[in-house]
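In: Sequence and computational prediction follow.
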Amino acid sequence: MIKKLGLVILSLTLLIGGCAEQKLLEKIGLITLAGYDLNEDGKVVTTAVIRQVDPEFQSMVTTSSAVNDSSLGALTEINRKTTKKLMQGQMRITLFGETLATEGIGSFLNTLSKNSSTSSGILLAMTAGNAKELLEYPYKNINDVGQEIYKLIEQNVDAELVTSSTLHEVSQDYYSVGRDMIIPIIERKEEVIEVTGVALFNKDKLVGQLPAKDSFYLLLIRGKFKSGKFETTIPGDIFSSNQSDSSEPVPVVLDTISSTKKLKLTDKNVPEFELQINLNGRILELDAEMDFDNPVEIEKLEKAINQSLTEELKSILDYCQEINSDVFGLGKQYRSQVRNSKLTHESWHAKYPTAKVNIKINFKILRSGVFE
Amino acid sequence: MKNVIHVKPQQMINAFLVFFVVHTTQIGVGIHGFQRIIYQESKQDAWFSVLVIGIVSHVIVIVMIKTLEMYDSHDLYGINREVFGTWIGNFINVIYFFYCSVAFFSVLINYIEVIQTWIFPLLSTWFISATLLLLVIYTFLGGLRVIVGVSFFSFMLAFWLIFVLVFPLQYSDPQSLFPILESKFIDILKGAKAMTFTIIGFEILYIIFPFVKDKKNIRKPVHYGLLVTTLMYLAVILVSLTYFSGEQLSKTIWATLSLFSIVQFPFLERFEFLAVCFWMLIILPNLCLYVWAAHRGLTGMINISAKKFIWLFSCIVLLLTFFIKSRIQINSINNIFGQVAFYIVFIYPLFLYVLALVKKKLTS
Amino acid sequence: MSNKFFKNMFKKKESKQQAQSDSSSLKNKSINNHSHDKKLISPDKAKFISLIEKESNNPSDLKTKFITEDYTLFYIENLVDSRVLNKHILPVVLKNPNSSPSELKFQLQIPEANMTENLELAILELFSGAALIHKNGYPTVLLAKINTRESRSLSAPENESQVIGSQVGFNESLSTNESLVRRYIRTPDLYIKKLTVGKISNTTVSILYLKSIASEEMVQTLQQRITDLKIDALLDSSFLAEMIDDNSLSPFPQMLLTERPDRFCDGLLNGKLGILVDGSSMAVICPHSFIEFFQSREDQNLRWPIASFLRLLRFSAVFLSIFLTPLYVAALTFHYEVIPQSLLVPLSESRALVPFPPIIEALLLELIIELLREAGARLPTKVGQTIGIVGGIVIGTAAVQAGITSNILIIIVALSALASFTTPSYMMGNVIRAIRFPIIILAGFWGFYGIMLGFCFLLIHLIKQSSLGTPYTAPFYPPRWVDWRDSIIRLPLPLTNLRPTSSRAKKRKKYEEEPIDPEKS
């Protein structure tokens, strides 16, 4: 009997003594998005989009901001203004203002990675201008700005229009030697939010930007690209049977079906790389008359596409070397091919601006649609 | 031969079950974060370290079985007494008893720490350890058959977790593995030694051997068990090395759990929350087998009933968990234990084998 | 039930292994004739009448009839078949008034007639429906067994219905049930051992097994356990099954109760032992492993891929039933992080109006479902259906509108209740429903950690159990790989040719000549 009593007492103490802290879904405010800016005093302005459940409004989304030295400190500030305890576990997006990005976002990446309640799958993005302004604008058609931005970026990533910028992938680049991180830029255009470009970093500081359409080339070289649409222009004079004015450049929309990328270090002293890209795809739109049954014509077209792609790629590469941001991962290739290179961020970025890349692009047209 | 253990046929286990015993004792809390420890030594060649320690463990097991076969139905405690005499033998047995107890304790506190860091920061240590200890007591009182049963189901029900690695594989970059064999050989060996804490567990063979029904067939399951463990660690380290970039990996304390963090199902996100709790099933055989091994050692020296032993043992462990609180303490326990375990698990069997051989030669 | 009783049961279990065959059969006999203080039949007529009246407490339905001067007939009214009595016994006795009882025995045209000197046995038989014929001057009595037993006709099994297969169930008559089994298995190999259990009720219990297949040792153990029972009355086989279980404290039944003769015979053919209890329409099959509770007899009647699919469905239903509601409670109470974006809004909106924490909400709703089920089981069939509709629609929608539960939880609870009804064994289905409650509580207190605690505890508990000395978790642990072919899946017949290892059958192969040898393949 004493033993039984002991067991009962034991289980009762366990029940009473060991209650875990509750995080009831309806009793907490969920931060779905956090935006960070830097104000004139060098302090961090944190803006949070909070979703909370309320019996009267069912669910509501509010935006609130605070100024503090640290990002988590600011959250405590915001918590003073809300009726419910704020939790970060459902955070999907973190935005950085342009000024903050220029100053460096390394410490934010570190804090986010440290926190066990935030997922390593949250998406990062940069706002053109201030994040606070973008978030607090009273949009007519957007109910939940956090969800809107999340869906916007997610959709663009799925369609391979911008690089995936999950916290994990970004910090993978941040902590690696020989590849710099890129994150998409979003901007408010009147009543809508759209992805306008790609931010290029050197270590954790913003050093340059590229327009959204160029992110195709970044994707291509970073090796994440599988298939997707892109647009380029080719000189119009290649079409022999063309009646139209031949000197005008012709836009062409292409859809890649499969692609392979090969990056090789050919000379480690310069350093010199060879980049070979093979693309298979189909033509979606071509604003010119052309005979798709003629192999010579096709070859001509392919050649023109290759050349224009190479040129555009070259110009992007030059720009990146100019701002000293190795978003292509040339350094990574260098490190993996040169034994005992002891490569550091600094030593690589001293070599990078003078690196030479020989680009070879081979585009093959497989199909041209159902109608000639 | 007073040290021969007489086991009733009902308490015996089939040889192939040793596969599960060996494998589940090896896999435990170590797998949560062993990547960063090896990475610090052998960088992107860390997977060679895993391979090396895996091969070494096979060699040690061969020696262990050879020693055990010399003494037909003895466990390590009996062999120690046979080889060294009762006094010195018992002294070594006490050390081994404490080794098993500390192994138990270290698995427990490491798991508690993971629970507290990832899920319940405020849940008290004593509560987690008390509930886990109750499970261990319940299993332990069922005898070896139940303990082996738990380790069997632990393997069967947790094996699918390895396939979850497919998710992080999508984000991984094989380039990080190159250039292969850049690290110095000595660094790779150092990395292998750092693996000790993670790979130990197969020494349970020393204790469980007399309980195996068909002792002749024991080699195959033991080696398969080791092989599966090594392959599993290899898979985890390869995925980790490619998924994380160098500095990132060295900053990630529980890399395996962070790997799970990226896993998303349409009905479930943040897979690591589930995985951390599910890990209870994986550490349960660890705990049970170590406490069982400790008990085997103690019964050889003093007369204590299993019931009394397990309650006393649990109370002491529960009290000790009160004193261990910070990450630094746990880390230092892991480090010291890893050092000691290296000598006990990897060096001592060789030493014992040689001595046993010499003794056999002299007496015959 | 007192603690003492259980302790005796456990002690009994330990001794069972060593129990020897002769000792048990001796004990068996001792119930019928207590050799030490045996009361004998008095040869004197008047003395005998008074003895009978004294021993039987002279109930009002005891009839005493003086056939001739020497012959006296005793019987209990309504227990004997009066037609047989008038047609086959009385005329015979009247025709041969001078023959001795032993001579008379051969002249009676009835199936069974015995002689006895034992008064207690005579009384016992009297109350089982025998007519006692006593002749003055003889110390023996003739027992003419002409009992009638009113029993309902055979009907379809109500609790274990299946779509394909025979539609006949056991009824309450032991002889009918035995004959049903005999009709399925027509072989002299089928052994029926009779025992009597219960000091007051004197219930007949039959152990059935196939002599050439079933393990002797197991038969001994079972017989020992039944004869060791010291209970007053045995009214149903389920009570017997609980008494002779390996661990009566466990919520999990360790022996199968079935009302289907085909399922019963299937067990016998697999080398298991069957128990039939007089007056009970449920038969007991043992040993029975945990997984076999989720196998239906129907699985054998379906094509193997379909049968495997159904088994997988049923088995996943068990997990669903136990863990779905706890997972909901855990996720909403502690782990909001794991909820996917797309589910977050509907979940939180449905929870917005609910005033209780998820654990109370879930327990309340589970309780309602259980109440509905229980009410449905107690009420007559026609009313029961109405209760289902009232409960399902009225309470369900009203609860959501009143804002005391969220509609998502209603779906979850209904789903897990539905899943629990797929278990082919009623007893096991009840257990599955019941163990959900502690796990919900664990989940409400410690989230996923609590669920895992419950899961591990259940797992260890199952490993610890045994059924008639064979492992309860068979064939999974200890692993019998060949038997896995007929576990949560069912492979084609040539591959499932072996009887389960756990029944320790003497013959392992079901068909002697089979196209594929599963041991080799």
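Out: Received it, and whenever you're ready, just let me know what you need. Computed from a prediction, not measured in an experiment: that's the story for all the values here.
In: List the buried residues for the helix or strand containing residue A:321?
Out: Remark: residue A:321 resides in helix A:295-323, with elements defined by DSSP states H and E. Buried residues in helix A:295-323, counted by 16 or more other C-beta atoms under 10 Å in any protein chain shown: A:297-298, A:300-302, A:304-310, A:312-313, A:316-317, A:320-321, A:323. Bear in mind the C-beta positions are built from the backbone N, C-alpha and C, glycine included.
In: show me which of those neighbour chain C.
Out: Among the buried residues of helix A:295-323, not one lies near chain C by C-beta under 8 Å from any C-beta of the partner chain.
In: Show me the shaky parts of the stretch 51-200 of chain A.
Out: Within the stretch 51-200 of chain A, the ranges that satisfy pLDDT under 70 run A:55-59.
In: residue ranges for the helices of it, please.
Out: A:71-79, A:98-103, A:106-114, A:131-136, A:145-158, A:167-175 (DSSP state H, counting those that start in this stretch).
In: and the longest one, C-alpha only, in CSV?
Out: In CSV, the C-alpha atoms belonging to helix A:145-158 read as follows (Å, rounded to 0.1, in the frame of the first residue of the first chain):
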residue,chain,number,x,y,z
VAL,A,145,1.0,42.8,-45.7
GLY,A,146,3.2,40.0,-44.1
GLN,A,147,1.4,37.3,-46.0
GLU,A,148,1.4,39.3,-49.2
ILE,A,149,5.2,39.7,-49.2
TYR,A,150,5.7,36.1,-48.3
LYS,A,151,3.6,34.9,-51.1
LEU,A,152,5.1,37.4,-53.5
ILE,A,153,8.7,36.2,-52.8
GLU,A,154,7.7,32.5,-52.6
GLN,A,155,6.0,32.7,-55.9
ASN,A,156,8.9,34.3,-57.5
VAL,A,157,11.3,31.8,-56.1
ASP,A,158,9.2,28.9,-57.2
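In: Could I get the pLDDT score of the nearest residue to residue A:282 once chain neighbours are set aside?
Out: Distances taken as C-beta to C-beta, 6 or more residues apart in numbering or on different chains put residue A:367 closest to residue A:282, at 4.0 Å, once the chain neighbours are dropped. If you check residue A:367, the pLDDT there is 74.
In: Quick check: residue A:367 vs residue A:280, distance?
Out: Counting by C-beta to C-beta, to the nearest Å, the separation of residue A:367 from residue A:280 is 10 Å.
In: Compare neighbour counts for the two and give me the winner.
Out: Ranked by neighbour count (other C-beta atoms under 10 Å in any protein chain shown), residue A:367 and residue A:280 place residue A:280 first, with 16 against 13.
In: Run through the residues of chain A sitting next to chain B.
Out: Residues of chain A found near chain B (C-beta under 8 Å from any C-beta) are A:14, A:17-18, A:20-21, A:89, A:113, A:116, A:119-121, A:166, A:168-169, A:171-177, A:223, A:329, A:332-333, A:336-340.
In: Mark which of those residues are buried, thanks.
Out: A:14, A:18, A:20, A:89, A:113, A:116, A:119-121, A:166, A:168-169, A:171-177, A:223, A:329, A:332-333, A:336-338.
In: What helices and strands are in contact with the helix holding residue A:321?
Out: Helix A:295-323 is packed against strand A:192-202, strand A:205-211, helix A:215-222, strand A:228-235, strand A:356-367, with contacts defined by 3 or more C-beta pairs under 8 Å, 6 or more residues apart in numbering or on different chains; DSSP states H and E.
In: most packed of these?
Out: helix A:215-222 (a mean of 23; mean count of other C-beta atoms under 10 Å in any protein chain shown).
In: Mean confidence (pLDDT) on that one, please.
Out: pLDDT averaged over helix A:215-222 gives 83.
In: Mind exporting the C-alpha coordinates of it to CSV?
Out: Extracted as CSV, the C-alpha positions of helix A:215-222 are listed here (Å, rounded to 0.1, in the frame of the first residue of the first chain):
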residue,chain,number,x,y,z
SER,A,215,18.6,37.6,-61.6
PHE,A,216,18.2,34.9,-64.3
TYR,A,217,22.0,35.1,-64.9
LEU,A,218,22.8,35.0,-61.3
LEU,A,219,20.6,31.9,-60.9
LEU,A,220,22.3,30.4,-63.9
ILE,A,221,25.8,30.8,-62.6
ARG,A,222,25.1,30.0,-59.0
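In: what about that helix, distance to the chain center?
Out: With C-alpha atoms, centre = their mean, to the nearest Å as the basis, helix A:215-222 stands 11 Å off its chain's centre.
In: Stretch C:162-182 now?
Out: Stretch C:162-182 has its average C-alpha position 14 Å from the chain's average C-alpha position, going by C-alpha atoms, centre = their mean.
In: May I see the buried residues of it?
Out: Going by neighbour count (16+ other C-beta under 10 Å), the buried part of stretch C:162-182 is C:162, C:165-166, C:168-174, C:176-178, C:180-181.
In: Stretch C:255-270 now?
Out: Using 16+ other C-beta under 10 Å as the burial criterion, the residues of stretch C:255-270 that qualify are C:255-268, C:270.
In: One more: stretch C:302-322?
Out: Buried residues in stretch C:302-322, counting neighbours by 16+ other C-beta under 10 Å, are found at C:302, C:304, C:307-308, C:310-311, C:314-315, C:317-318, C:320-322.
In: and what of stretch B:261-281?
Out: Under the neighbour-count criterion of 16+ other C-beta under 10 Å, stretch B:261-281 has B:261-264, B:268-281 buried.
In: Show the end-to-end separation of stretch C:488-505, please.
Out: Using C-alpha to C-alpha, to the nearest Å, the end-to-end distance of stretch C:488-505 comes out at 21 Å.
In: re the thing from before, out of the helices of the stretch 51-200 of chain A, nearest to residue A:351?
Out: For residue A:351, the closest of the helices of the stretch 51-200 of chain A is helix A:167-175, at 18.2 Å, according to C-beta to C-beta.
In: can you dump the C-alpha coordinates of the closest one into CSV?
Out: The C-alpha coordinates for helix A:167-175 follow below in CSV (Å, rounded to 0.1, in the frame of the first residue of the first chain):
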residue,chain,number,x,y,z
LEU,A,167,17.9,32.4,-43.9
HIS,A,168,19.8,29.2,-44.3
GLU,A,169,20.9,29.8,-47.8
VAL,A,170,21.8,33.4,-47.1
SER,A,171,23.9,32.5,-44.0
GLN,A,172,25.4,29.7,-45.9
ASP,A,173,26.9,32.3,-48.3
TYR,A,174,27.6,34.7,-45.5
TYR,A,175,29.7,32.2,-43.5
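In: helices or strands next to it in the packing?
Out: Contacts defined by 3+ C-beta pairs under 8 Å, 6+ apart place helix A:167-175 against helix A:106-114, strand A:123-127, helix B:246-251.
In: Relative to chain C, which of these is closest?
Out: Checking the helices and strands packed on helix A:167-175 against chain C by C-beta to the nearest C-beta gives strand A:123-127 as the closest, at 11.5 Å.
In: tell me the contacts of residue B:141?
Out: Contacts for residue B:141 (C-beta atoms under 8 Å, 6 or more residues apart in numbering or on different chains) come out as B:306, B:307, B:310.
In: Who are the packing partners of whichever strand or helix holds the second one?
Out: Residue B:307 belongs to helix B:306-321 when assigned by DSSP H and E. Applying 3+ C-beta pairs under 8 Å, 6+ apart, one finds that helix B:306-321 contacts helix B:76-118, helix B:125-140, helix B:271-301.
In: what do you get if the cut-off is 6 Å, keeping everything else the same?
Out: Packing partners of helix B:306-321 (3 or more C-beta pairs under 6 Å, 6 or more residues apart in numbering or on different chains; DSSP states H and E): helix B:125-140.
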